[in-house]
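*Asks:* predicted structure and sequence below. I'll ask about it afterward.
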Amino acid sequence: MHTAIDRLAEARDKFLAAEPVDPSAVRKPILASWWRSRQWHVAADHIELDYLRDPDLETTLARTADPVLRHLHEELDGQPISIILTDAAGLVLTRLTADHDLERHLDGVKLAPGFSYSEDRVGTNGIGTALESGGPAHVFGHEHYAEHLEGLACAGVPIHDPVSGKTVGVIDLTCWRRNADPLLVSLVKATADQITQAMLAAGSRRDMHLLQEYVRACRRTGGIVLALGRDVVMLNDHARQVLDPGDQSALIGHATEALARPNPGAVTVDLPSGVLARMFCRRVSGDSPYPDGVVHVKLTAAAAAIPEVPVPRSAMYLPGLVGSGVLWLRACREAEALYDASDWMTLEGEGGVGKVALARAVHQRRNPAAPFHVIDADPARPEDQDWLTQARGELLNGAGMLVIRHVDALNARQVHALASALQEARNARGDLRVAVTLNRKQAGADLTRLLRFFPGTVDLPPLRHHIEDLHELVPFLLAKLSHEGRLTCSPEAMQLLLRHNWPGNTEQLWQVLKQVVQRRRAGVIMPKDLPPECWTVSRRLLSPLESIERDAIVQSLQDHEGNKVRAAEALGMSRATIYRKIHEYGIVTEGS
């Protein structure tokens with residue numbers, strides 16, 4: 001009579017031989033993992049892993065997890081159980097093992113710091129399968145895909161950042177199969193909870209320390225004070241009263257860049273409004289690439305008159321792109337570095353920020369003679385309905401660079417299919433460079449499996465975070481759009497553009513200027529030439545009905561020279577209603 005273990009071993013042998021498998025002999029999550037392992041061409045008869053890199057033990061996860069893991073190690077008191085912590089890609093960060101025989105075996109199968117146990121490298125295992133499923137995974141004996149792991153039992157649980165919710169790593173307990181205990185799963189879940197609580201407490205202490213330093217700085221000075229943290233931006237009342245939104249965004253960008261330097265000190269910056277600002281930056285904590293800090297700002301010069309024909313303040317950093325804002329230039333440098341390293345990259349950001357334009361510019365500078373292809377995976381675009389077939393063909397046979405847009409629009413089945421095509425391309429080891437673009441906030445499916453093919457991510461800032469670049473973007477885009485004569489932007493119109501928050505980013509700016517050029521093909525653009533959306537500072541995209549109402553209010557205000565009472569009467573609104581709508585839509589009135 002076959003035992004359950006015998007039936008499982010037989011099912012695994014049949015699966016590896018591509019024979020039909022009795023589904024009742026294998027748990028569904030394990031069978032699904034076996035299929036993924038086969039599609040990734042993972043070897044079942046041997047483990048062949050390369051040492052990837054020295055683990056980074058200075059991350060928030062590694063530092064906060066360390067006391068939890070050491071306490072657990074002491075509690076286990078020499079039992080043959082190995083405690084393993086990995087990062088979000090399955091790279092082992094730390095391993096604590098009391099049993100010498102188990103430790104030697106784990107060394108032999110490369111389950112050690114510096115090696116990755118992601119599912120696409122090793123097949124079904126507690127670490128990689130937990131990452132793929134996004135939840136707890138326990139893998140016992142013959143459930144492992146690789147035969148060298150059949151003598152082990154392991155249970156892994158993903159660890160999520162308590163603030164962002166992103167997966168930051170996995171905690172895994174591994175022991176001999178003969179020592180496996182049902183409590184192993186409960187123990188690893190409890191350990192994951194303790195690590196999450198430790199991360200939350202560490203983040204709370206950090207935020208509280210930043211708040212205390214910010215309050216202290218505000219008490220010492222009546223000037224402009226801002227504080228920047230990992231997930232926190234604070235500005236005092238004076239900053240909000242004195243600085244318009246464009247200057248605020250520019251200051252935040254410059255301060256972030258300054259605090260990242262070894263010795264931030266004092267920095268002088270030119271704000272979009274023309275004001276010269278002197279920033280005095282002080283770090284509060286310095287344990288991350290972008291440390292927390294408090295910044296005191298002094299405005300040292302009044303706004304200079306903006307020339308009628310704005311001149312770009314710097315040459316193009318990349319072909320066909322303008323902008324010298326610190327956040328924008330950082331994204332350009334990161335994309336260029338990933339391209340030079342032949343790394344596939346993810347270009348992430350809100351819609352309209354210029355993700356494809358950045359990829360095209362980097363490729364044009366580095367390899368202009370090679371093809372550059374863009375495929376749109378958005379099902380809302382009927383012209384690219386056969387995008388997956390096109391993508392597979394390009395991945396296997398293409399050259400140069402391929403950009404796959406809108407992967408956030410994919411469903412789970414499409415993610416699976418595209419990941420398989422990417423794996424085939426990886427195995428073919430061609431020289432094609434691949435990038436995907438996404439807006440993570442709009443992703444409907446889990447993209448973890450897809451994004452592991454793209455080791456580098458470039459975050460493109462929204463236009464409101466480098467609003468100072470309008471001084472270069474506006475004349476650059478007008479030069480492209482105006483074919484009949486010279487069209488320039490007046491200082492008054494530029495001020496309106498700088499005050500807008502541009503929820504649609506650079507693409508929205510392009511569409512706005514297209515509208516302007518249709519009405520005025522030469523001369524100087526004045527505020528009255530700008531469409532109604534430019535007379536608002538709303539941070540959200542309005543619905544079609546809201547846009548119609550906003551446009552009507554803006555037009556009535558212009559027709560009545562900013563007189564709100566007469567504008568309300570013309571629209572059949574009460575005075576209270578038009579005041580409320582002006583505030584709700586962020587409409588800028590004359591003199592405000």
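*Replies:* Okay, I see it. Numbering: from 1, shown residues only.
*Asks:* buried stuff in the longest helix anywhere in the chain?
*Replies:* Ranked by number of residues, the top helix in the chain under DSSP state H is helix 183-220. Neighbour counts over helix 183-220 (16 or more other CB atoms under 10 Å) mark 184-185, 187-188, 191-192, 194-196, 198-199, 203, 206-207, 210, 213-214, 217-218 as buried. For every residue, glycine as well, the C-beta is placed using N, CA and C.
*Asks:* now do that helix: which elements does it pack against?
*Replies:* The helices and strands touching helix 183-220, judged by 3 or more CB pairs under 8 Å, 6 or more residues apart in numbering; DSSP states H and E, are helix 60-76, strand 152-160, strand 167-176, strand 224-228, strand 276-285, strand 292-301.
*Asks:* how many neighbours does residue 561 have?
*Replies:* 9 (other CB atoms under 10 Å).
*Asks:* one more: residue 367?
*Replies:* 16.
*Asks:* I'd guessed it sits against residue 401; true?
*Replies:* Yes. Here residue 367 reaches residue 401: they are 7.4 Å apart, a contact under CB atoms under 8 Å.
*Asks:* and the pLDDT for residue 138?
*Replies:* Note on residue 138: pLDDT of 94.
*Asks:* please name the strands paired to the helix or strand where it lies in the sheet, noting orientation.
*Replies:* Secondary structure from DSSP states H and E places residue 138 in strand 137-140. According to DSSP bridges, strand 137-140 forms sheet pairs with strand 152-160 (antiparallel).
*Asks:* so the strand it pairs with versus strand 167-176, what angle?
*Replies:* 160 degrees (axes from the mean of the first three to the mean of the last three CA atoms, to 10 degrees).
*Asks:* between helix 183-220 and strand 152-160, find me the angle.
*Replies:* Using the same axes, to 10 degrees: strand 152-160 against helix 183-220 is 20 degrees.
*Asks:* low-confidence stretches in the stretch 301-450 of the chain?
*Replies:* 301-316, 380-385 (pLDDT under 70).
*Asks:* at which residues are the helices of it located?
*Replies:* 326-340, 355-366, 387-397, 412-428, 448-451 (DSSP state H, counting those that start in this stretch).
*Asks:* residues of the longest one that come out buried?
*Replies:* So that's helix 412-428. Applying 16+ other CB under 10 Å to helix 412-428 flags 414, 415, 416, 418, 419, 421, 422, 423, 425, 426 as buried.
*Asks:* returning to what we had before: next, format the helices of the stretch 301-450 of the chain as a markdown table and append distance to residue 256.
*Replies:* Listed next are the helices of the stretch 301-450 of the chain as a markdown table, based on distance: least, CB to CB, whole Å:
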| stretch | distance to residue 256 |
| --- | --- |
| helix 326-340 | 7 |
| helix 355-366 | 19 |
| helix 387-397 | 36 |
| helix 412-428 | 33 |
| helix 448-451 | 24 |
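*Asks:* which among these is found nearest to residue 492?
*Replies:* Nearest of the helices of the stretch 301-450 of the chain to residue 492, taken as CB to CB: helix 326-340 at 25.3 Å.
*Asks:* alpha carbons only: can I get that closest one in PDB?
*Replies:* The C-alpha coordinates for helix 326-340 follow below in PDB (Å, rounded to 0.1, in the frame of the first residue of the first chain):
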ATOM      1  CA  VAL A 326      17.600  67.700  -9.900                       C
ATOM      2  CA  LEU A 327      15.000  64.900  -9.800                       C
ATOM      3  CA  TRP A 328      14.700  64.800 -13.600                       C
ATOM      4  CA  LEU A 329      18.500  64.700 -14.100                       C
ATOM      5  CA  ARG A 330      18.800  62.000 -11.600                       C
ATOM      6  CA  ALA A 331      16.300  59.800 -13.500                       C
ATOM      7  CA  CYS A 332      18.200  60.500 -16.700                       C
ATOM      8  CA  ARG A 333      21.500  59.500 -15.100                       C
ATOM      9  CA  GLU A 334      20.000  56.300 -13.600                       C
ATOM     10  CA  ALA A 335      18.500  55.200 -17.000                       C
ATOM     11  CA  GLU A 336      21.800  55.900 -18.700                       C
ATOM     12  CA  ALA A 337      23.700  53.800 -16.200                       C
ATOM     13  CA  LEU A 338      21.400  50.900 -16.500                       C
ATOM     14  CA  TYR A 339      21.600  51.000 -20.300                       C
ATOM     15  CA  ASP A 340      25.400  51.100 -20.100                       C
END
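*Asks:* same for it, what does it pack against?
*Replies:* Checking 3+ CB pairs under 8 Å, 6+ apart, helix 326-340 ends up next to helix 245-259, strand 345-348, helix 355-366, strand 456-459.
*Asks:* switch to 7 Å and redo it
*Replies:* Contacts defined by 3 or more CB pairs under 7 Å, 6 or more residues apart in numbering; DSSP states H and E place helix 326-340 against helix 245-259, helix 355-366, strand 456-459.
*Asks:* next, the buried residues of that helix.
*Replies:* For helix 326-340, by 16+ other CB under 10 Å, it's 326, 327, 328, 329, 330, 331, 332, 334, 335, 336, 338, 339.
*Asks:* just the angle between it and helix 245-259, please?
*Replies:* 50 degrees.
*Asks:* what angle do helix 326-340 and helix 355-366 make?
*Replies:* Here the directions of helix 326-340 and helix 355-366 differ by 60 degrees (the same axes, to 10 degrees).
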